[in-house]
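Asks: no sequence on this one, just coordinates:
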């Protein structure tokens, strides 16, 4: 039996935290630990964490000064003692009791560095669930060359930036000193790019169990984007584009640029909507990375690329901005 660590940064989530943690404790698999990192919550979240720890030895609570999601996750990585690591946001939940037993079975077969899975969205304001229609064939991921598996995942639009859509071998993280960059937003985009550089094998889990809560009015997507957050994303894209251009493995280079193409399209939309002089200057600056859109393995990026070919850069940015406002 493999041991799993589920790392959950906690900040002012008293309304959702119990459902989040209980959805893991209800698993039919027992060899796991839940690491709750209370990031100096100002509501009753810290107390709820301590109550879970007092009732179940598998739940570890750590209280630390407010440092953000990256710092909290890094604390979890330094604390965990497991074969594989998973992440969860403190307002999300799992809707299946067999997640860990199923994933354990897959990973005992594949010993993969990274296992991916799909997620569904729960819209709290309408009490509705959106489930993705895309389907993946595990045979095209499991026991395949890592670059071929990665290419397939990106082509299906399921190599997500979000770390809570992955199960990651702890040995991989330790060997390559992989942590979350502190003090930035879009830290998942950065972290997942690191995995592309170092992961040597992938696997896939078919069941859609992870429920991502949206429509609460508190999510980042519902708030005005600070320019510093947009700047963080532009820095990440510039950083890994440069890394990709210096890779000797052409297939890995193609996969990295294909991965970056989606957040690049998001960046164009964010800069378009910001409207400030800083954003306009940054949009001109980031135009030099426009060639990334030629790596349109991702189905969503392919649509953007076709629009760009038809209408040009400026109109593509405007349409992307309009689309981002609607979602």
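Replies: Ah, there it is. Being a predicted model, the structure only gives us computed values, none of them experimental.

Asks: excluding its backbone neighbours, what's nearest the spatially most central residue of the chain?
Replies: When C-alpha atoms, centre = their mean is applied to the chain, the residue found nearest the centroid is residue 162 (0.8 Å). Distance criterion C-beta to C-beta, 6 or more residues apart in numbering; nearest residue to residue 162, sequence neighbours excluded, is residue 188 at 5.3 Å. To be clear about C-beta, it is placed using only N, CA and C from the backbone, and glycine gets the same treatment.

Asks: now do the contacts for the one you found.
Replies: Contact partners of residue 188, counting by C-beta atoms under 8 Å, 6 or more residues apart in numbering, are 161, 162, 163.

Asks: with residue 196 instead?
Replies: Counting by C-beta under 8 Å, 6+ apart, residue 196 has contacts 150, 252, 255, 256, 259.

Asks: state the phi and psi torsions of it.
Replies: Dihedral angles phi and psi of residue 196 (degrees, to the nearest 10) take the values phi -60, psi -40.

Asks: look up how far residue 172 lies from it.
Replies: In this view, residue 196 and residue 172 are 12 Å apart by C-beta to C-beta, to the nearest Å.

Asks: give me the domain ranges for this protein.
Replies: The record's domain split for the chain, according to automatic domain parsing, is 4-220, 224-326.

Asks: hmm, back to that, looking at the contacts of residue 196, point me to the pair that's furthest apart.
Replies: Largest separation among the contacts of residue 196 by C-beta to C-beta: 252 and 259, giving 10.4 Å.

Asks: more neighbours, these two?
Replies: More crowded of residue 252 and residue 259, by other C-beta atoms under 10 Å: residue 259, with 27 against 17.

Asks: now whatever helix or strand the more buried one lives in: how far from the chain's centre is it?
Replies: Using DSSP states H and E, residue 259 sits in helix 250-274. Chain-centre distance of helix 250-274: 15 Å, with C-alpha atoms, centre = their mean, to the nearest Å.

Asks: do a quick rundown of the strands in the stretch 51-200 of the chain.
Replies: Shown for the stretch 51-200 of the chain, the strands assigned by DSSP state E, counting those that start in this stretch span residues 59-63, 84-87, 93-94, 114-123, 128-130, 166-169.

Asks: so what touches the third one?
Replies: For strand 93-94, the surrounding residues in contact (C-beta under 8 Å, 6+ apart) are 16, 19, 20, 23, 24, 27, 209, 210, 211, 213.

Asks: quick one: buried ones out of those residues?
Replies: In these, burial by neighbour count holds for 16, 20, 23, 24, 27, 209, 210, 211, 213, counting by 16 or more other C-beta atoms under 10 Å.

Asks: longest single strand anywhere in this structure?
Replies: strand 202-214 (DSSP state E).

Asks: sec struct for residue 13, please.
Replies: Under DSSP: H, G, I helix; E, B strand; the rest coil, the three-state class of residue 13 is coil.

Asks: next up, phi/psi of it, please.
Replies: Dihedral angles of residue 13 (phi, psi; degrees, to the nearest 10) stand at phi -120, psi 40.

Asks: just the one 10 residues further on next, same as before
Replies: Dihedral pair for residue 23: phi -70, psi -20, per degrees, to the nearest 10.

Asks: circling back to that earlier point, may I see the buried residues of the helix or strand just after the helix holding residue 259?
Replies: Using DSSP H and E, the helix or strand that follows helix 250-274 in sequence is helix 277-286. Judged by neighbour count (16+ other C-beta under 10 Å), helix 277-286 contains these buried residues: 279, 282, 283, 286.
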